[in-house]
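> my questions concern the predicted model and sequence given below.
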Amino acid sequence: VQAASNEFAAISAWASIADLQTWWEQRRERKDNDVRVKTNHHPHKKRHARYAKYARHIEAACGGPPSLAQQPNDDDDPAAASAAVEQCRLRSPLTYLSNETTMTTKLDIYAGRHDGRIGSVPFTHSLRAFRAVAGDAAA
């Protein structure tokens, strides 16, 4: 979804992340190997939810944990946290999606009922992206 400029020819999002900081918080809350999910695709297999690693990837890419600015500890660096929050904002499609920026753009947003339950990205990200584009019409 993200581009170097604020102009898009078309947008096609498949269970995509809309807000990187929110997704970081959702992934950080899920511990590695703490949930076993029996999937419909493989009814006889259980798999471990290993999505907490994505929180670490975001921290590495954005310069640290992006929520430290909201919940500082004595050991935290507020400047680094603020920079990480800004990096998350700049890398998040919601920063660039609005009714005005997508008015003349072809837009497809796909989400499934299992997104976030079996996959790593909750369907609420697709819903938030839709609401950003639809504006008041979605309310």
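Cool, got the structure. Numbers count the residues shown, from 1 in each chain.
> any idea which helix or strand comes after the worst-scoring helix or strand of the chain on mean pLDDT?
Among the helices and strands of the chain, strand 46-48 carries the lowest confidence by mean pLDDT, DSSP states H and E, at a mean of 39. Per DSSP states H and E, the first helix or strand lying C-terminal to strand 46-48 is helix 52-62.
> any low-confidence regions in the chain?
Within the chain, the segments meeting pLDDT under 70 span 1-8, 29-50, 68-78, 101-102, 136-139.
> could I get the full set of helices for it?
For the chain, applying DSSP state H gives helices covering 20-29, 52-62, 78-91, 99-102, 124-134.
> what does the last one contact?
Here helix 124-134 makes contact (Cβ atoms under 8 Å, 6 or more residues apart in numbering) with 1, 13, 15-19, 22-23, 93-94, 97-99, 102, 107, 109-111, 115-116, 138. Using the backbone N, CA and C atoms, a C-beta is placed for each residue, glycine as well.
> are any of the residues you listed buried, and which?
Using 16 or more other Cβ atoms under 10 Å as the burial test, these include 1, 13, 15-19, 22-23, 93-94, 97, 102, 107, 109, 111, 115-116 as buried.
> tell me which residues touch Ile17, please.
Here Ile17 is in contact with Trp23, Ser92, Pro93, Val121, His125 (criterion: Cβ under 8 Å, 6+ apart).
> and which of the residues you listed is nearest Ala79?
Ala79 lies nearest to Ser92 out of the contacts of Ile17, by Cβ to Cβ, at 20.5 Å.
> ok, that closest one - contacts?
Ser92 neighbours (Cβ under 8 Å, 6+ apart): Ile17, Ala18, Asp19, Leu20, Gln21.
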